[in-house]
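> model this:
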Amino acid sequence: MDRRDLHEDRPEGRFPHLLGGLARDVADIAARHEARIKSILAREPDAATAFDEFLAELRSTLNDSIATDDAVSMVSQHLITRRSSRHSSATTRSARPTRFLGR
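Numbering: from 1, shown residues only. As a prediction, the model looks like this:
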């Protein structure tokens, strides 16, 4: 038996090149989102104010040491994964982290 046969039932055994490419693609998308978010915050005072309120809420409910860059990263991750949670009844417009982006 070929050693590769032992892992054929696991996606990472069959498609390691695809998973690596996907991880790179997601990392690139996240970096672009983070750059765009930072650009919006730098040029849009209303967005920056809403983001500051969001950051204050994160700090008060999760952890008071959350840095601005951490919160930007969280919003980026939310943008990437939001399609899977778009129809969630628990997510309200006011609670979404992208509220400050007008989404």
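> residue 76 contacts residue 37, correct?
Yes: Residue 76 lies in contact with residue 37 (C-beta atoms under 8 Å); the separation is 6.5 Å. The C-beta positions use only the backbone N, C-alpha and C, and glycine is treated the same way.
> so which bits of the host helix or strand of residue 70 are buried?
For residue 70, the host element (DSSP states H and E) is helix 68-85. Within helix 68-85, the residues that count as buried by 16 or more other C-beta atoms under 10 Å are 71, 72, 73, 74, 75, 76, 78, 79.
> pLDDT of that helix, averaged?
On average, the pLDDT along helix 68-85 is 86.
> now the strands for the protein?
Assigned strands in the chain: none (criterion: DSSP state E).
> between helix 68-85 and the longest helix anywhere in the chain, find me the angle.
Criterion DSSP state H: the longest helix present in the chain is helix 16-43. Orientation check (axes from the mean of the first three to the mean of the last three C-alpha atoms, to 10 degrees): helix 16-43 against helix 68-85 gives 120 degrees.
> list the buried residues for helix 16-43?
Buried residues in helix 16-43 (16+ other C-beta under 10 Å): 33, 34, 37, 41.
> any weak-confidence spans in this protein?
1-20, 83-103 (pLDDT under 70).
> could I get the buried residues of helix 68-85 in JSON lines, plus columns for distance to residue 25?
Converted to JSON lines, those look like this (distance: C-beta to C-beta, whole Å):
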{"residue": "71", "distance to residue 25": "23"}
{"residue": "72", "distance to residue 25": "20"}
{"residue": "73", "distance to residue 25": "17"}
{"residue": "74", "distance to residue 25": "20"}
{"residue": "75", "distance to residue 25": "19"}
{"residue": "76", "distance to residue 25": "14"}
{"residue": "78", "distance to residue 25": "18"}
{"residue": "79", "distance to residue 25": "14"}
